[in-house]
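Novice: Dropping a prediction and its sequence here:
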Amino acid sequence: MIDYQRDLNNEQRKVVLEEGGPILVIAGAGSGKTRTLTYRVARLVEKGIPPERLLLATFTNKAAHTMLSRVENLIGRQINGIWGGTFHHCAHKTLRMHARRLGFAPNFSIIDSEDSRQLINTCMKEMKIDVKGGKFPKADVIGNIISLSVNTEISLEDIIENRYDYFINYLEPITAIASEYKKRKLSLNMMDFDDLLFFWREVLLRFPDVRDHYAELFLHILVDEYQDTNRLQAEIVNMLAIGHRNLMVVGDDSQSIYSFRGANYENIMNFPELYPDCRIFKLETNYRSTPEILHLANLSINKNENQFQKTLRAVRDRGVRPVLVSTRDVLEQADFVAQRILEINRSGVPLGEIAVLYRAHFHSMEVQMELTRRGIPFEIRSGIRFFEQSHIKDVTAFLRILVNPKDELAWKRALGLYEKIGPATAEKLWRFLAAQDDPYASVFTEDFRKTASRSATNGLGRFQETFRAVSRIGSTSPNLVIEAIMQNGYVDLLRESHTDASAREEDLIQFMNFSSSFSSLEDFLSELALLASVNDETVETDENREHVVLSSIHQAKGLEWQIVMMIWCSEGMMPLARAVKEGGEEEERRLFYVAATRAKDQLYLCYPLRDYARGMGNLSLSPSRFILELASYARSSGELPYERWQACDLY
DNA sequence: ATACGATTTTTTTTT
DNA sequence: AAAATCGTAT
C-alpha cells in the first residue's frame, strides 16, 4: 500500500489523486515532477487500470524505463504492457500493426538522420539539380528544413520564407527534392524519425476505426516534458484522448529547449484554451537547489517575456553563492575545472555527483584532455552516440541487408567499405542487385562481378567472403551474425584503415553483447534506430559508478548533481551565436536556466577571456550576456547573485 | 571517370 | 573530430 500522505507534499498529492479529465501540471525545475508522475501511474495501476490501457509518453526511453521500474517498486510487483516511451517509440509500436494501410510493408525500416541525408543526396544527384553558384543548401540543411516543416505542420514555403529566407530562390527545387525524398522512402519501405510521427497521425486521421480503437483503448494518457512536444505530437495526443479525455500533460515552459526540432512551448500555453474544463496545478516547491542557486536561476529566467507566471520557492537551507570564474584562456579553464573537481572530491563529494555542462560538444575538448591527463574518470554524454559510430553502422548495414534485400543505403554502405569501390561503383552494383529476383544469390554470380571494373575485383572478393559467412548464418540471433561479420573480414578491414582499431573492436564486442538480448534481427534493428545509448536499457547501473559526467545541456535535462560546473559561459558560445540567429535569445536563456537548475549544492560559471584556437589569432571574449544581465540586479540590491573568482592573476 | 589521400573548414542541440 | 573540398594517380 502506498503512503501518499507521507511521500508527497500537498501540491504533488493533489495531482496524483486527481481522478481524471484534462489536467495541466506546470512543474518547475526540481519540484518533484518525476516523482509525481511516478506516483500517479502507480496509483492508476493500483486502482485497477489495466497497464496496457495506459500511455506514458516521455522524452527519452530511459525516462520511461526509470519511471516504470520505480512504479514497480512502489506497488511491489511487475507490470507489463504499459505504453511507455518516446512518441517515436509508441509510433513505431502502432505503425508495425497498421503500416500496410499506408502503403508500407509491415517490416519497414527506420532510418536515422545520416541515412536520411544520404537519401536526400541521392535524390538531388538523380534529379540533376545543379548546385550552381555554390549557394544551394546541402543535403542536411534541406533535411532540416523538411523535418521542421513536418514537425510544425507549416508548409515548406512558409518555413523557408520565415527561417531560411536566403534560400527563397530555391523554393521550387527544394520542394521537388522533398517530394522525391518522400517517394523514395515509400518505395524503399523506409521511415525517418519524422515519418513515424507523421504516419502515426496519418493512420489515426485517415482510418476512423483505428482512431476509435486507440481512443477507446487509452483510459489514461500522461505526457511528460510537454513543453518540448511539437505540433504534430500534440495533435496525436489530442486525437488519442478524445475517447476518455483523461489527459494529463506535465511540463515547464521555462525549460523548453528543443525548438530546433519543432518543439513549441505554446502547446502548454494553449492547453487551457483547448480544454476549457481542464484543471491546472502548479508544482512550485524546489527541493533540489540551495536558495542561492535558485535565486540566480530565477533572476535569469525572469528576463524572458513569454512564460507562465510561477514562482519557484526554495525550501533548502542556505548554502554557498554560485561562483563566477574567469580564466585567461581555454586551457586555464580546463585546468581550473580539473583542479576544482579534485578539491571537491577530496572534500568528500563523490565524482558521480559532479557534472561539467556546456552548450556544444566541441566545448568539452580541452576539459576532456585535462581530465584524461590527470587520470580523473569521466563519461561524455554529447557528440556522436554509441550507435552512430561508423564502425557500428558498418556492421549494422550487413544486418539491414539480411532483413531487407531492397535496402539501398545498406547495400551501398557495405559495398563501399571495400577497396576500389567508391560511390560510383557501389551505385552500379546496387542497380544490378536491385534488378535481381534474388539479390542474395546474385552476389556470388559472374554477372555481379562483371558489373564493376577489374580494379574492384579484389574488394568485391572480400565482400563476397564476408557476405557468404553472414548469409550462411541466416537471420537468427543478431549476436551470431555480428560475430560472423567481424570474424570474416570486418576486423581486418578495421585494422587496415584505423589506428584505433582495437577500441572499435571493443565497441563491436559490446554491441554484440547488447544484441544478444534480442531474438530476431528485425526487433533488434528497429529498436536500434530509436535508442540513444547502450545505457538506455540498463537503468540503475550508473548509480554506483564513480565518474564525472561531461554533458551537453540538452542531455542534462531532468538530471541533477551536487556540483555543476558550466564552462564556456562566453558571449557567442552561451548563447551560441548561430543559435540566437535561428531559435532566438529566449531559448538560449532557457538553456542557461536548465543548466543552472541542475545544481543541488554548488554552481560554477566559467568563462575564458581569450580564445586562441580560431583562425584569426587571439580573439578576446566577453562574458555571456546572461551573466552581464545578472549584474544589473546588483545595482538595485547592492548584492551580486554570485561571487567572483579569478583562476589566476591576470597581470 | 573514379577512387583516394591531403588539405581545409567547420563545428548546436536530438528522436 | 568529422566532413567537405581539392588535387592527383589510376
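Specialist: Alright, I've got the coordinates. Numbers count the residues shown, from 1 in each chain, chains lettered A, B, ... in the order given.
Novice: do you know how far the residue in the stretch 101-250 of chain A that DNA strand B sits nearest to is from DNA strand C?
Specialist: DNA strand B sits closest to A:Phe193 of the stretch 101-250 of chain A, with a gap of 3.8 Å, by Cβ to the nearest atom of the strand. Any C-beta I mention is one placed from the backbone N, CA and C, and that applies to glycine too. Separation of A:Phe193 from DNA strand C (Cβ to the nearest atom of the strand, to the nearest Å): 17 Å.
Novice: What about the closest residue in space to that residue that isn't next to it in sequence, how many residues nearby?
Specialist: The shortest distance from A:Phe193 to any non-neighbouring residue, by Cβ to Cβ, 6 or more residues apart in numbering, is to A:His88 (6.0 Å). Neighbour count for A:His88, taken as other Cβ atoms under 10 Å: 21.
Novice: Return the residues in contact with A:Gly422.
Specialist: By Cβ atoms under 8 Å, 6 or more residues apart in numbering, the contact list for A:Gly422 reads A:Gly416.
Novice: Check the spacing between the residue of the stretch 101-250 of chain A closest to DNA strand B and A:Lys185 real quick.
Specialist: Applying Cβ to Cβ, to the nearest Å, one obtains 12 Å for the distance of A:Phe193 from A:Lys185.
Novice: counting contacts, what elements does the longest strand along chain A pack onto?
Specialist: In chain A, taking DSSP state E as the definition, the longest strand is strand A:599-611. Judged by 3 or more Cβ pairs under 8 Å, 6 or more residues apart in numbering; DSSP states H and E, the packing partners of strand A:599-611 are helix A:291-301, strand A:323-329, helix A:330-346, strand A:561-566, strand A:619-620.
Novice: any idea which helix or strand comes after the first one?
Specialist: It stands for helix A:291-301. Downstream of helix A:291-301, the first helix or strand assigned by DSSP states H and E is strand A:313-314.
Novice: near DNA strand C, anything from the strand or helix carrying A:Leu148?
Specialist: Counting by DSSP H and E, the element that carries A:Leu148 is helix A:139-152. Yes: for helix A:139-152, a contact with DNA strand C is found by Cβ under 7 Å from any atom of the strand, at A:Ala139, A:Asp140.
Novice: outside of that helix, which residues touch it?
Specialist: Taking Cβ under 8 Å, 6+ apart as the rule, helix A:139-152 contacts A:113, A:116-118, A:120-121, A:124, A:137, A:154-156, A:159-160, A:163-164, A:167, A:174, A:177-178, A:181, A:192-195, A:197-198, A:230-232, A:260-262, A:264.
Novice: in what helix or strand does A:Phe626 lie?
Specialist: Secondary structure from DSSP H and E places A:Phe626 in helix A:625-637.
Novice: Which neighbouring elements make contact with that helix?
Specialist: Checking 3+ Cβ pairs under 8 Å, 6+ apart, helix A:625-637 ends up next to helix A:291-301, helix A:585-596.
Novice: what do you get if the cut-off is 10 Å, keeping everything else the same?
Specialist: If you count contacts as 3 or more Cβ pairs under 10 Å, 6 or more residues apart in numbering; DSSP states H and E, helix A:625-637 packs onto helix A:291-301, strand A:323-329, helix A:585-596, strand A:599-611.
Novice: okay if I get these as CSV plus mean pLDDT and mean neighbour count?
Specialist: Listed next are the helices and strands packed on helix A:625-637 as CSV, based on pLDDT from 0 to 100; neighbours: other Cβ atoms under 10 Å:
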stretch, mean pLDDT, mean neighbour count
helix A:291-301, 93, 23
strand A:323-329, 91, 21
helix A:585-596, 94, 24
strand A:599-611, 92, 23
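Novice: Which positions in chain A make contact with DNA strand C?
Specialist: A:Glu114, A:Arg117, A:Lys138, A:Ala139, A:Asp140, A:Met365, A:Ile384, A:Gln389, A:Ser390, A:Ser455.
Novice: For whatever helix or strand the second one lives in, enumerate the helices and strands it packs against.
Specialist: Yep, that's A:Arg117 we're talking about. Element membership for A:Arg117, per DSSP H and E: helix A:113-126. Secondary-structure packing of helix A:113-126 (3+ Cβ pairs under 10 Å, 6+ apart): strand A:109-111, helix A:139-152, helix A:171-188, strand A:190-192, helix A:193-206, helix A:390-403, helix A:408-415, helix A:423-434.
Novice: Mind doing that once more with 7 Å?
Specialist: Packing partners of helix A:113-126 (3 or more Cβ pairs under 7 Å, 6 or more residues apart in numbering; DSSP states H and E): helix A:139-152, helix A:171-188, helix A:408-415.
Novice: ok, and the closest non-adjacent residue to A:Gly583?
Specialist: Of all residues not flanking A:Gly583 in the chain, A:Ser259 sits nearest, at 4.8 Å (Cβ to Cβ, 6+ apart).
Novice: wait, I meant A:Arg374
Specialist: Of all residues not flanking A:Arg374 in the chain, A:Ala338 sits nearest, at 5.3 Å (Cβ to Cβ, 6+ apart).
Novice: For the one you found, the count of nearby residues, please.
Specialist: For A:Ala338, using other Cβ under 10 Å, the count is 22.
Novice: just to revisit the earlier point, now render the helices and strands packed on helix A:625-637 as TSV, adding distance to A:Ser147.
Specialist: Listed next are the helices and strands packed on helix A:625-637 as TSV, based on distance: least, Cβ to Cβ, whole Å:
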stretch	distance to A:Ser147
helix A:291-301	28
strand A:323-329	37
helix A:585-596	17
strand A:599-611	32
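Novice: and A:Asp212, which of the ones you listed is closest to it?
Specialist: Closest approach to A:Asp212 among these is made by helix A:585-596 (38.1 Å; Cβ to Cβ).
Novice: Is DNA strand B within reach of that closest one?
Specialist: No: counting by Cβ under 7 Å from any atom of the strand, DNA strand B is not contacted by helix A:585-596; separation bottoms out at 7.7 Å.
Novice: outside of that helix, which residues touch it?
Specialist: A:254-257, A:259, A:293, A:296-297, A:300-301, A:303-304, A:306, A:357, A:359, A:553, A:556-557, A:564, A:566, A:574-576, A:579-580, A:603, A:626 (Cβ atoms under 7 Å, 6 or more residues apart in numbering).
Novice: which of these are close to DNA strand B?
Specialist: Restricting the contacts of helix A:585-596 to contacts with DNA strand B (Cβ under 7 Å from any atom of the strand) yields A:Ile257, A:Arg359, A:Leu576, A:Ala579.
Novice: what's the most distant pair in those residues?
Specialist: A:Ile257 and A:Leu576 (12.1 Å).
Novice: If you count surrounding residues, which of the two has more?
Specialist: A direct count of neighbours by other Cβ under 10 Å for A:Ile257 and A:Leu576 places A:Ile257 higher, at 23 against 17.
Novice: Is A:Arg472 within a helix or a strand, and which one?
Specialist: Assigned by DSSP H and E, A:Arg472 falls in helix A:457-473.
Novice: ugh, wrong one, I meant A:Arg40
Specialist: Element membership of A:Arg40 [criterion: DSSP H and E] is helix A:33-46.
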